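**Q** turn this into a model:
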Amino acid sequence: MTVDVLIVGAGPAGLSAAIACVQHGLNVRVLDEFIKPGGRLLGQLHQEPDGTWWNGIEEARKLYETAQSLGIQVECGIPVVHLEPAEGKWLIHIPDAVIQASTVVLATGAAEKPLPVPGWTLPGVMSIGAAQVMTNVHRVRVGERGVVVGINILSAAIARELQLGGIHISGLYLPGLTPLTNHSGHPAWVMKSLLRLSHLAPSSLIRFGSRLLKADAMHALGIRLFPKSGVKMWGIPIHLRKAVLEIIGDQQVEKVKVATVTPEGDPLPGTEEEIAVDFVCIAGGLYPLAELAAIAGCPFHYFPELGGHVPVHSPRMETPQKGLYVAGNITGIESAKVAKAQGTVAGLSIVYHFQPNERSKELLEHAIQQVKQERDQAVIQFHPAIKQARTRIKHLWNHPHPDSTQSTPLP
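**A** Alright, predicted model coming up:
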């Protein structure tokens, strides 16, 4: 079977790309290894500053219904195991079949970073993303009382979602400081990253105090003055001066060992205590799920601001590999709204490839501006230097390494 466009990933980026392509007459097929379309939208539920609620399941439903109304073929439960260029087309390998496509969009999203803690193999220990999906998608309680190990924007937002699902969160804690946990176990570094979520705090006092602490010179003082009992957001204690040193249990999670730590993250002897829990969520953050781009031969560059190694791409979502496009969190960790806007750009880039006229060019340029607007207005910013990283990616595209094969630089 040959299609104009094969899209890998049925999340906000992939579905948006498919919709843009089909609306302009292209033949599209969408594959996703998960059992439902929607990607990470399926687990999202948060209140925006204006009081409205962002319901990811509802947003996913709207996108999928639009795709269905346009006759887009969305196939779930099908992994893509390999792809390769062949005679001007792409060969996409799935179990028991090979699909030919003129162009491919990789909208594979992101995966969670592991954060090793002694005892993390016990039943009842899970990633924060798994807890989110079990609670919001499958409507399954992950436990009665638990803690989150790892304090970041993602874990704070999901802890609130679990709380809304009727699950008691005893607190968010740092992991013990080790070479593997690195910055995640350092109080000052975590405080700096968490301040980007302060505008969502329910308390005006917390929001005001957070604004005072955003100056670099205030971080050390803020950590030293941070209450050892934690600061509550939505009634959930956030502990920047306590770390989980061990998860304890016989056949399953029973408790965690916690200790007070210095401003540098070192545990203070004699401060250990044990807290009874029946589940533990580990939150190490996200990284771009870009293995297929690597298999396809895309050049990569490391951007900590975007979560890790990112395939080099243009503002039009092109890669140096002819006919291969990327969109969403594979290009760097940002919000679902940004991913959705990027998907539209990828789709319209392909439309412009097949139909190079002034109208398609105008639509594409408008879509690129929409990505910038969504980035500027994002409620949750995963890193303060995202815009600078995006500028550097564009520079890499416009000034490629002599050994790479890239398209003409953008104006």
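**Q** when you work out contacts or count neighbours from here on, use the C-alpha atoms and nothing else.
**A** OK.
**Q** shaky segments in this structure?
**A** Where the chain drops to pLDDT under 70, the residues are 1, 46-51, 195-225, 227, 380, 401-411.
**Q** how about the helices in the stretch 201-350 of the chain?
**A** Here the stretch 201-350 of the chain has its helices, by DSSP state H, counting those that start in this stretch, at 204-213, 216-225, 291-295, 336-354.
**Q** repeat for the stretch 51-200 of the chain
**A** Using DSSP H, counting those that start in this stretch, helices in the stretch 51-200 of the chain cover 56-69, 128-136, 153-164, 187-194.
**Q** run the chain-centre distance for stretch 287-296.
**A** Its chain's C-alpha centre and that of stretch 287-296 lie 14 Å apart, by Cα atoms, centre = their mean, to the nearest Å.
**Q** ugh, wrong one, stretch 160-178
**A** The answer for stretch 160-178 is 18 Å, by Cα atoms, centre = their mean.
**Q** what residues sit buried inside it?
**A** Judged by neighbour count using 16 or more other Cα atoms under 10 Å, the buried positions of stretch 160-178 are 160-162, 167-177.
**Q** now I368, nearest residue through space, not along the chain?
**A** V345 (6.1 Å; Cα to Cα, 6 or more residues apart in numbering).
**Q** distance to K257 for the helices of the stretch 51-200 of the chain - can I get that in a markdown table?
**A** Formatted as a markdown table, those follow (distance: least, Cα to Cα, whole Å):
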| stretch | distance to K257 |
| --- | --- |
| helix 56-69 | 35 |
| helix 128-136 | 19 |
| helix 153-164 | 20 |
| helix 187-194 | 18 |
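**Q** so for T331, which of the ones you listed sits nearest?
**A** helix 153-164 (17.8 Å; Cα to Cα).
**Q** could you list the residues in contact with that closest one?
**A** 44-46, 128-129, 131-132, 135-136, 148, 168-169, 172, 193-194, 196-197, 234, 283, 285, 380, 382 (Cα atoms under 8 Å, 6 or more residues apart in numbering).
**Q** show the buried residues in those.
**A** By 16+ other Cα under 10 Å, the contacts of helix 153-164 give 44-46, 128-129, 131-132, 135-136, 148, 168-169, 172, 193-194, 196-197, 283, 285, 380, 382 as buried.
**Q** rewinding a little: got a list of what the residue nearest to I368 touches?
**A** Contact analysis of V345 by Cα under 8 Å, 6+ apart lists A17, R316, M317, L364, A367, I368.
**Q** A296 now?
**A** L83, E84, P85, Q321.
**Q** apply 6 Å and report the result again.
**A** Neighbouring residues of A296 by Cα atoms under 6 Å, 6 or more residues apart in numbering: E84.
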